[in-house]
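K.L.:
Sequence and computational prediction follow.
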Amino acid sequence: MNSKKIRIAVGLFTIASFLVPSFMFADTSTTTVSTTSGNKTNFCTSINTYVATLDKNFGQKETTYETKKADQLKALNDAQAIRDAKTEQNRAVWNEKRDTQFQKLASKAKTDAEKTAVETFKTTVTNAIATRRAAVDDAVATYRSGLSTILSTRKTTVETALQTLKTDSDTAITKAKSDCANGVNPKTVKTALLSAIKDARAKFSATVKDTAEMKTALSTLQTARKTAFTKAQTDFKTVYDKALADLKTAFAQ
């Protein structure tokens, strides 16, 4: 079933999904503006240039984030599609091998009782395999549905934090422009604005880095899937072992 590779792919996707936002919107660059008084350029006279640069950098990072997010989601969907195709391929191969074994077994049956026992064994095993496959498919579907919910919740968290970052930044810029218009010292305005922007980014970063709840939910999903897989195999083995024992008894008589 190639489940190990799928778990690795999902794990990488999950890690990337919560690392990208804080990386993309980290305070990695600043706009240098002279604050010299007099006729020389000061922060207030060049604040629009600062804001334009800030908006440009933010827009570029936001675009990059959206692109990476789309790429990560595509990678997850592709991994799931590969897993499904591989599962169907493996099942087809085992179907052929099982039919061959049933034919060989039927050829060994000589008496009516043995022939009946072979048919009963064949039916029982075939049904047990179908039941196991259905249980596995249900477990996979449940896991994927839960994962989709987790990622959707994560997406909402990041987008809400991003909107808050934008709002806080806009509020700080509006105040800075108002202070400039009211004659506040340009150096004081700059210091206050940069501090507010830094705080807004720090709040955003703290929000998107808080992944404890997401990790717990993902761990719960993985445990439930593993438990379902184990039960499906255990239930199958119980039915198979009994069917095989009954078949051996029929041939021993």
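P.N.:
Everything's here; your move.

K.L.:
and residue 44, helix, strand or coil?
P.N.:
Of the three states, residue 44 takes coil according to DSSP: H, G, I helix; E, B strand; the rest coil.

K.L.:
give me every residue that touches it.
P.N.:
180, 186, 189 (C-beta atoms under 8 Å, 6 or more residues apart in numbering). The C-beta positions use only the backbone N, C-alpha and C, and glycine is treated the same way.

K.L.:
redo that, cut-off 10 Å
P.N.:
Applying C-beta atoms under 10 Å, 6 or more residues apart in numbering, one finds that residue 44 lies in contact with 33, 35, 176-177, 179-181, 183-187, 189-190.

K.L.:
From the contact counts, what lies against the helix or strand hosting residue 105?
P.N.:
If you go by DSSP states H and E, residue 105 is part of helix 47-108. Under the contact criterion of 3 or more C-beta pairs under 10 Å, 6 or more residues apart in numbering; DSSP states H and E, helix 47-108 touches helix 3-24, helix 112-181, helix 186-209, helix 212-252.

K.L.:
how about the ones you listed in JSON lines, adding mean pLDDT?
P.N.:
Supplementary listing: the helices and strands packed on helix 47-108 in JSON lines, determined by pLDDT from 0 to 100:
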{"stretch": "helix 3-24", "mean pLDDT": "43"}
{"stretch": "helix 112-181", "mean pLDDT": "95"}
{"stretch": "helix 186-209", "mean pLDDT": "94"}
{"stretch": "helix 212-252", "mean pLDDT": "95"}
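
K.L.:
Reformat the ones you listed as a markdown table; add mean neighbour count and distance to residue 89.
P.N.:
As requested, the helices and strands packed on helix 47-108 are exported to a markdown table (neighbours: other C-beta atoms under 10 Å; distance: least, C-beta to C-beta, whole Å):
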| stretch | mean neighbour count | distance to residue 89 |
| --- | --- | --- |
| helix 3-24 | 17 | 14 |
| helix 112-181 | 15 | 14 |
| helix 186-209 | 17 | 39 |
| helix 212-252 | 14 | 19 |
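
K.L.:
Could you dump those helices into JSON lines and include distance to residue 84?
P.N.:
Below are these laid out as JSON lines (distance: least, C-beta to C-beta, whole Å):
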{"stretch": "helix 3-24", "distance to residue 84": "10"}
{"stretch": "helix 112-181", "distance to residue 84": "9"}
{"stretch": "helix 186-209", "distance to residue 84": "31"}
{"stretch": "helix 212-252", "distance to residue 84": "15"}
